[in-house]
Every structure is written in structure tokens, then in C-alpha cells.
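*Asks:* need a structure here:
(one chain, ligands or ions: 1)
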Amino acid sequence: MSARFATEGHALSTVWLPESLDAEMAPPASDMTCDVAVIGGGLSGLSTALHLKRFEPKLDVALFEAGRIGYGASGLSSGQCAPRIGPSIERQVKTLGEDFARTAYLYSVDAMEYAGKLVRGLAIDCDCRPTGQWQVALRERDAGVLARRADVYRALGLEVPLVATEEVRRLMPGSGAIVNALRYPALQLNPGRLCIAMKRAAHDLGVRIFERARVTRFDIASGKLDVGTANVSATRSVVTVDGMAASLGILRRHVLPIVVHAAVTTPLTPAQRDAIGWRPDSPGLFDARPAFNFMRPMPEGSVLIGGEYRYGPGIASTGGADATVAARLARQLQAFFPSLSGLPIARSWYGTPGCTLNEWPIVTPLDDRSRHWHLGAWNGHGIALSLAAGHDLAAHMTGLRPERPLPWRLPRQPGIPAPLARLAIPLYLAYLRHASRLTHPKGTLKCS
Ligand SMILES: Cc1cc2nc3c(=O)[nH]c(=O)nc-3n(C[C@H](O)[C@H](O)[C@H](O)COP(=O)(O)OP(=O)(O)OC[C@H]3O[C@@H](n4cnc5c(N)ncnc54)[C@H](O)[C@@H]3O)c2cc1C
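*Replies:* Now for the predicted structure:
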């Protein structure tokens, strides 16, 4: 289940992509035209292209991917297909009101359910399981935040219950560090296999897919694209490059490329599994501390741990994590499960999702006539949202009425000029790490 494949200039190591990737689809050999150009071959681009073709089979849809399908954040994620969109629910209620917060959360639940439906409908073998996901408090002060958050969900009539300490101990023995948790519905899946299967499904429907076809120039006014090997003229387009939007000159002040790291351990021994109560259908976990680490059990018995955020302009969008970062992730794992102290990291990597200052995604036309669209900046919640929003945007572009009310009325995005972002975002991330410092009761364990 592990693979190593050459991308642009470096060998990228991830656990998710299948051993033998299916045949590479070559970039265009000569100049071409198309009805809709989809730029980016992650889950957003794949879902948009697939649904455009489903809803309007005569449409000539061409998808251009800079590397291989699955090369971006989609194939590198932790595969937790969970609800949630935008900032914390309490902040949404405060700034946008109860109705908005409720609608937004329900949209994200619907998106997750839609993702499961899509996987089943296409008979995709991607180890998709309904495991749920817990947001866990490792400190008393975060336990208070979660208790208040549970109250907000309850007041909105939304089912996100609090798991009290005794119940945590019963359901997850060995997680001595977890004080309490919020329980969300969620699926866990293999995101690499999902990408490859979506690529096949889109191709079978007639989407023209071009890999190693990086768009180096995109002129919105004329719909002209340069992909290195050819010039492309597109009547309409959808930009789905997530954290890489600025490289196309789009939403430069709004989409922030944030590097997220992940690592998997060597498989746990039976004794280690017993100690933490590990099961293949154990819920995924994410941390209530501001630095927001996450982890999940892997089907073959190891653990994936993720986090360690960096501001990413000028850094290759994907790659292997360096040893210092891998060591920090191992320490974070120890914070969740002290009994796993010293468990070796087998493999580590990073990807660069797009984030925004107000944590809402950006689904917006890029021109006055709504011929060209941006779909992305999922703020790290992209698996469910990209699949559902790709469906919804395709419905909108083909004249169908989208079933879901969002993401068509998301809050407006504040922008930040690049020089200021270069200064402020790393400082903000450093502050989040500092605010997440964890001291073991005996003072032996410090995670930052
Ligand atoms: C380590 C890690 C863990 C994560 N865990 C989760 C999780 O558990 N759950 C969750 O919901 N989300 C998670 N995410 C976030 C999630 O992966 C993303 O939000 C989601 O995959 C975004 O999908 P996308 O299609 O919009 O972007 P991407 O998957 O990044 O796809 C964009 C594609 O565009 C291509 N591209 C870029 N520039 C160009 C260009 N100029 N021309 C052509 N192509 C271009 C890229 O190569 C890439 O393939 C995680 C991310 C990372 C990195």
C-alpha cells in the first residue's frame, strides 16, 4: 500500500497512492480548444470535470494537471472526510448569526454524506469507513472550550455531543492524555485511491485529462491558457489549484498557501494496539489546541499523525518532510498517546492546501460574465467540501439548480498583500504553536 513516484523534480513519498499508478496521460501535443478547461487535478477539479460531463455529456471538458493526479493535497491528506466549514461554530454564531451557522454546518454534513454516496455510486474501492471523528482536549482549558462548543451545537439543534472523560476512558482506553472530546460524524478513506478512481471515472465519461500539463499563463479576459506544450483556448474555465492560486495570478491577496505535514509510524505491535484500544474503525482525532494536530488509525495497523503548519510561498507545493518536522510529529503523537512514545516514523511528507484569513472557502466567479470560476481554499477541510462543491458548481454551470444553498453565499474574504502576509502569517503560526504548548503533569513532555 505504499508507493514512491517521481513528480516534478523530486521523489514524493506517500502511503496512499496505489503501487502501480495507472497510465500517465500525456500533456497536449498541439494547440487546442475546449468548452471548459478545469485547471488542477485534485478532488475539486476531478469532481467538477466529472459532473460537468455527467450533466452535459456533449460538453468538451479538458482537465490540466501540473503533475500527476493525486500529486496535490488531495492525494496526500489524512483521508478524514468530515463535516465542518469555516471558523469555529461559536465564532460563526457571533459574527454571522445562528441561521447562517446552522446552514453552513448542515451543508458540510451534506457534503460528507454526498462524498460517501459518490464513493458508493462509482463503486470506488478506497477503504471508506464510517468511523466518526473526535475533537479532543489534551488540556483542561481546551476541555472547557469543547464543553461550551457542545452547548452551542445543542442550542442550534445540531448533533455534536460531548464525550465526557469517563466515556473517553471506556471507548478509548490508553488515551490517558485526552480530557474530553466532541464527537462528529465522519468517514475515513484512502484519498490516493479515491483520486485515481475519480480520474478513471472522469476519463471514461469523456473528460480529456492531461497530466504534466502545468498552466503557466492564464488570461481570464480571453480564456487563453499556456500549458507549455500547447496553447489552449477555453470558452469557460474552473480554477481548482487550492493553495497554488497565486502562481496563476488569481486571488493573490486572498488564498494563503499553508504547508501541512503528515507522517505514518511503523505498524503497532499487538501490545501497543491493545494499550491504546486501537481498532481499524477507531475514530480519527483532531486536537482542540490552536495548533490543530490530527491523527487516525491506518488500515494496516500504523498511525498517521499530521500538523506542523508553515507558510508556503516559494516552497515546492509537495515533498518529503524533513527530520526535524518528523520528530515534532512523533512528539505530538506521544501527546495523544503517551504509551506510543518512541514509535518510529516510517514515512513523512507535506502538501500545501489553500487557506484564507476568515477560514471560509472561496467559490466565486473570476469575471463579470461568470464564465470563469475559482473553487477552492478549503482551509484544510477539502475532502468532503471539494467533492460536493464540484458537483454543485457543475450543476450551476450547466443550468441545473444546485441542491444545496451553500457555497453560493459565503462571507466576503478580506485580503492581505503578499509582503505583509510573508511577515504576519509565520508570526501568527508561531503564536498558535506557542499557545498550544503542552506540559505533561510531571513536566517531562513539551510539545510545541
Ligand atoms: C497532510 C495533509 C492532510 C490533510 N488532511 C485532510 C483531511 O483529513 N481531511 C480533509 O478534508 N482535508 C485534509 N487536507 C486538506 C485537503 O487535502 C485539501 O483541502 C483538498 O485535497 C483540496 O483539494 P483540491 O482539489 O482543491 O486541491 P489539490 O488536491 O491541491 O489539487 C490541486 C491540483 O492543482 C495542481 N496545480 C497547481 N498549480 C497548477 C497549475 N498551474 N496548472 C495545473 N495544475 C496545477 C496541483 O498539482 C494539484 O494536483 C489535508 C491536507 C494535507 C496536506
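
*Asks:* From here on, just use CA atoms for contacts and neighbour counts.
*Replies:* OK.

*Asks:* tell me the contacts of the residue sitting nearest the centre point of the chain?
*Replies:* Using C-alpha atoms, centre = their mean, the residue of the chain that lies closest to the mean C-alpha position is Gly382, 3.7 Å off. Contact analysis of Gly382 by C-alpha atoms under 8 Å, 6 or more residues apart in numbering lists Ser74, Gly376.

*Asks:* cool, and the one 5 residues further on?
*Replies:* Applying C-alpha under 8 Å, 6+ apart, we find Leu387 in contact with Leu43, Ser44, Ser47, Thr48, Ala111, Tyr114, Ala115.

*Asks:* tell me, which of those make contact with the ligand?
*Replies:* Restricting the contacts of Leu387 to those touching the ligand (C-alpha under 6 Å from any ligand atom) yields Leu43, Ser44.

*Asks:* Next step: the contacts of Leu387 restricted to helices.
*Replies:* Among the contacts of Leu387, the members found in helices (DSSP state H) are Leu43, Ser44, Ser47, Thr48, Ala111, Tyr114, Ala115.

*Asks:* Just send these back as CSV, with neighbour count, pLDDT and distance to Val36 too.
*Replies:* What follows is these, written out as CSV (neighbours: other C-alpha atoms under 10 Å; pLDDT from 0 to 100; distance: C-alpha to C-alpha, whole Å):
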residue, neighbour count, pLDDT, distance to Val36
Leu43, 30, 98, 17
Ser44, 30, 98, 14
Ser47, 26, 98, 14
Thr48, 30, 98, 10
Ala111, 25, 96, 24
Tyr114, 17, 97, 24
Ala115, 21, 98, 23
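
*Asks:* quick one: which of these is nearest Ala435?
*Replies:* Ala111 (31.6 Å; C-alpha to C-alpha).

*Asks:* I'd say that closest one and Pro83 touch.
*Replies:* Yes - if you go by C-alpha atoms under 8 Å, Ala111 and Pro83 touch, sitting 7.3 Å apart.

*Asks:* list residues touching both of those two?
*Replies:* With C-alpha under 8 Å, 6+ apart as the test, Ala111 and Pro83 both reach Ala384.

*Asks:* Correct me if wrong: Ile39 contacts Asp242.
*Replies:* No - judged on C-alpha under 8 Å, Ile39 makes no contact with Asp242 at a distance of 10.2 Å.

*Asks:* ok, the two, which is more surrounded?
*Replies:* For Ile39 versus Asp242, the count of surrounding residues by other C-alpha atoms under 10 Å is larger for Asp242: 32 against 27.

*Asks:* Could you check how far that one is from the ligand?
*Replies:* For Asp242, the distance to the ligand (C-alpha to the nearest ligand atom, to the nearest Å) stands at 4 Å.

*Asks:* likewise Ser282?
*Replies:* Ser282 is 14 Å from the ligand, by C-alpha to the nearest ligand atom.

*Asks:* where are the low-confidence patches of the protein?
*Replies:* Where the chain drops to pLDDT under 70, the residues are 1-14, 18-22, 405-409, 439-448.

*Asks:* Quick one: the helices in it, in order.
*Replies:* Per DSSP H, the chain carries helices over the ranges 43-55, 89-96, 98-121, 140-155, 165-171, 191-205, 270-276, 323-336, 382-397, 418-435.

*Asks:* residues in contact with the longest one?
*Replies:* Right, helix 98-121. 81-85, 89, 92-93, 125, 128, 156, 158, 186-187, 194, 384-385, 387-389, 404-406.

*Asks:* and Leu162, what does it touch?
*Replies:* Here Leu162 is in contact with Leu146, Ala147, Ala150, Asn180, Ala181, Leu182, Arg183 (C-alpha under 8 Å, 6+ apart).

*Asks:* Filter these down to the buried ones.
*Replies:* In these, burial by neighbour count holds for Leu146, Ala147, Ala150, Asn180, Ala181, Leu182, Arg183, counting by 16 or more other C-alpha atoms under 10 Å.

*Asks:* can I get the residues you listed in CSV with distance to the ligand?
*Replies:* Below are those laid out as CSV (distance: C-alpha to the nearest ligand atom, whole Å):
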residue, distance to the ligand
Leu146, 20
Ala147, 23
Ala150, 21
Asn180, 21
Ala181, 18
Leu182, 17
Arg183, 15
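
*Asks:* Tally up the residues packed near the closest residue to Asp142 other than its chain neighbours, please.
*Replies:* In this structure, Asp142 finds its nearest non-sequential neighbour in Ala288, 6.0 Å apart by C-alpha to C-alpha, 6 or more residues apart in numbering. By the criterion of other C-alpha under 10 Å, Ala288 has 24 neighbours.

*Asks:* Could you tell me which residues of the stretch 201-350 of the chain lie near the ligand?
*Replies:* Counting by C-alpha under 6 Å from any ligand atom, the stretch 201-350 of the chain sits next to the ligand at 214-216, 240-242, 244, 248, 260-262, 306, 350.

*Asks:* Buried subset of those residues as a PyMOL selection?
*Replies:* Typed into PyMOL, the line below selects the buried ones among those, using 16+ other C-alpha under 10 Å:
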select buried, resi 214+215+240+241+242+244+260+261+262+306+350
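
*Asks:* Let's have the residues of the stretch 201-350 of the chain next to the ligand in a markdown table, adding distance to Val15.
*Replies:* As requested, those are exported to a markdown table (distance: C-alpha to C-alpha, whole Å):
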| residue | distance to Val15 |
| --- | --- |
| Arg214 | 24 |
| Val215 | 27 |
| Thr216 | 29 |
| Thr240 | 24 |
| Val241 | 22 |
| Asp242 | 22 |
| Met244 | 23 |
| Leu248 | 29 |
| Val260 | 16 |
| His261 | 13 |
| Ala262 | 10 |
| Gly306 | 13 |
| Tyr350 | 12 |
